[in-house]
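Enquirer: With the sequence up front, the predicted model follows.
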Amino acid sequence: MIFNKSQSGYFFPISAFFCVSGLFFGFANPVYHFPPMIFVFFFGLNTISLNADSGRQAFARSFLAAGLAYSLCLYWIVIPVSLYGGFPLYLAVFCPLLLGFCVGLFSSFYSVFVHTVKKSFSWFWLGIFGGCVWAGLEFVREYALTGFPWFIAAQSFAIWPQTVQAVSLVGSFGLALIMAACGIWLAAKKLVPACLAAVVLITVLGYGFFLPGQRHESDEVLVLAVQGNIDQTLKWEQDIQLLTVEKYLDLTRQGSAQSMPGLVIWPETALPFYFQEPTQLANKVRDFTLEYGLNLITGSPAYSLDEEDLGYTLYNRAYWISDGFIHDYYDKERLVPFGEYIPLGGYIPFVDKLVEGEMDFSSGKNKSPMIKGDLALGMLICYEIIFPGLVRQRIKQGANLIINISNDAWFGNTSAPSQHLHLSVLRAVEQNRYVIRATNTGISAFIDPGGRVYNQSFLFEDAYLLDRAGLIKAKSIYYHLHWVINCLLAVGAAIALCLHALKKRNLIK
């Protein structure tokens, strides 16, 4: 044990401070992002786990410490809830706490596991089995409670892309296993486990520095990503819609002046009207693509009428407009809860959505890549990029380039756009694909398969990015092994619990 039982209560505030400061500074924040601080978080959490007097105490203390840590990192939720959702500020401040403690709940489960089995295993196997549980819980977070795999361990190092190259081999969850295991070995406060943790971390996080640098793909496309920087509070007003379209057309002309791009990307809901209707604004965009011979990807709300025209279904759509015609489209699959739909809306009708519209959006069904010539675009709208399974699905269906259109204006000038970008970096490395992000107010970016952000915009500026992106068909090692790695997480945790039960009953030594 690190401290004796009489000291555990005294040191809890210190451990909680480690959790909060480690998580906050380990991810993008308004002060300073230093990735190794994630191990300070693990140290604090493991200290709580190893020194609690009971499983109940381990759960309660880790729930408080981790919940506060995640809540602080999610401070930016106040802005969309208060400014766009209409919640009074004194109520909006509770939303980061609510989501933060929901995410912190998974850390509590991990803490209880470590506390429960700590006497059944040596420090080495406790690290291995604890790492399996932590990574397994991150995997569960992709699906549980509508899914929110934000602040996963590997994300902390995405700002240093060379350190996350192992993601192409074992995925984000595999890297999380290694990081969590090392976190337990460091918390043991013994020389041998600390040295092993140091060797493992230097090897896993450092080998990317010895890999080849910039890649040159045989098949490339010149892409123009446009950032219109439209005020979120004004973009849906009817008299602003024409100005919005004109601004995107003008920025596209500027970006195309020197070299005509093979693909132009505008952000999510760049067109704040129903493009499918034959309006003057829609025709203006169509005529523009016809005049310049452009392939344009742009976001717009869409709808479909039911068979009797008595009702309609809303979609968050990405259109591919080519030479004046709609070539293809993609409807968003994973919707933002409380942003694009209300979970259990029939039971909580008093909760309103953050986005404009009187109805909930519906999930799209057309999930295949949009294809034309050499281009096979795997579309992801907004926070869909944070889900490893969705990106893997796009690759499985043949996508050779990942396109992420988003509108991060909801988050204001906060850390959220950077956190969103760092998750996009992980997806690029994980699936060996170039990722191009076009956002309304930033951060728009070009990311190569090594996770290097080689072109990006700043927040809240009118901008366009013109650069080349490779079209890749080869799949990463992780793509082929993902199911094996995910199974190992569950099997590792199950073996640990079975061995613990057997040892507790003195059936094995």
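Expert: Structure's in. What do you need?
Enquirer: For the most centrally placed residue in the chain, report the pLDDT, please.
Expert: With distances taken as Cα atoms, centre = their mean, Ile386 lies nearest the centre of the chain, 2.7 Å away. Looking at Ile386, its pLDDT reads 95.
Enquirer: now the strands for the stretch 301-450 of the chain?
Expert: 312-322, 325-331, 370-372, 375-381, 401-406, 435-439, 445-447 (DSSP state E, counting those that start in this stretch).
Enquirer: Tell me the gap between the fifth one and the middle of its chain.
Expert: What that stands for is strand 401-406. From the chain centre to the centre of strand 401-406 is a distance of 13 Å (Cα atoms, centre = their mean, to the nearest Å).
Enquirer: what are the pairing partners of it, and which direction each?
Expert: With DSSP bridges as the test, strand 401-406 is paired with strand 375-381 (parallel), strand 435-439 (parallel).
Enquirer: and what of the second one?
Expert: Strand 325-331 sits in its sheet next to strand 312-322 (antiparallel), going by DSSP bridges.
Enquirer: and what of the third one?
Expert: Taking DSSP bridges as the criterion, strand 370-372 forms sheet pairs with strand 375-381 (antiparallel).
Enquirer: got a list of what Leu281 touches?
Expert: Leu281 sits next to 241-242, 245, 271, 273 when contact means Cβ atoms under 8 Å, 6 or more residues apart in numbering. For the C-beta atoms, the positions are set from N, CA and C on the backbone; glycine is no exception.
Enquirer: hang on, the earlier thing: out of the strands paired with strand 401-406, which is the most enclosed?
Expert: Comparing the strands paired with strand 401-406 by mean neighbour count (mean count of other Cβ atoms under 10 Å), strand 435-439 comes out on top with a mean of 29.
Enquirer: who touches that one?
Expert: Taking Cβ under 8 Å, 6+ apart as the rule, strand 435-439 contacts 223, 225-227, 265-268, 297, 385, 401-408, 417, 421, 424-425, 427-428, 443-447, 457, 469.
Enquirer: change it to 7 Å
Expert: 223, 225-227, 265-267, 402-408, 424, 427-428, 444-447, 469 (Cβ atoms under 7 Å, 6 or more residues apart in numbering).
Enquirer: For the helix or strand in which Trp185 is found, what does the pLDDT average out to?
Expert: Using DSSP states H and E, the element containing Trp185 is helix 167-187. Confidence for helix 167-187, expressed as mean pLDDT, is 96.
Enquirer: Give the other helices and strands that that helix contacts.
Expert: The contact analysis (3 or more Cβ pairs under 7 Å, 6 or more residues apart in numbering; DSSP states H and E) places helix 167-187 against helix 38-51, helix 123-141, helix 191-206, helix 416-431, helix 477-504.
Enquirer: switch to 10 Å and redo it
Expert: Where contact means 3 or more Cβ pairs under 10 Å, 6 or more residues apart in numbering; DSSP states H and E, helix 167-187 is packed against helix 38-51, helix 94-117, helix 123-141, helix 191-206, helix 388-396, helix 416-431, helix 477-504.
Enquirer: Mind putting the ones you listed into TSV with mean neighbour count and distance to Ala58?
Expert: Putting the helices and strands packed on helix 167-187 into TSV (neighbours: other Cβ atoms under 10 Å; distance: least, Cβ to Cβ, whole Å) gives the following:
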stretch	mean neighbour count	distance to Ala58
helix 38-51	26	5
helix 94-117	21	4
helix 123-141	23	13
helix 191-206	15	20
helix 388-396	20	29
helix 416-431	26	28
helix 477-504	16	15
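Enquirer: Ok, which of these comes nearest Gly311?
Expert: helix 388-396 (28.3 Å; Cβ to Cβ).
Enquirer: ok and the closest one relative to helix 123-141, angle-wise?
Expert: Counting by axes from the mean of the first three to the mean of the last three Cα atoms, to 10 degrees, helix 388-396 lies at 70 degrees to helix 123-141.
Enquirer: The residue lying closest to Leu423 once chain neighbours are set aside and Ser406: what is the separation?
Expert: Among residues not flanking Leu423 along the chain, Ile386 sits closest, at 4.5 Å (Cβ to Cβ, 6 or more residues apart in numbering). Distance, Ile386 to Ser406, by Cβ to Cβ, to the nearest Å: 11 Å.
Enquirer: which residues do the two both contact?
Expert: Both Ile386 and Ser406 are contacted by 380, 420, 424, under the criterion Cβ atoms under 10 Å, 6 or more residues apart in numbering.
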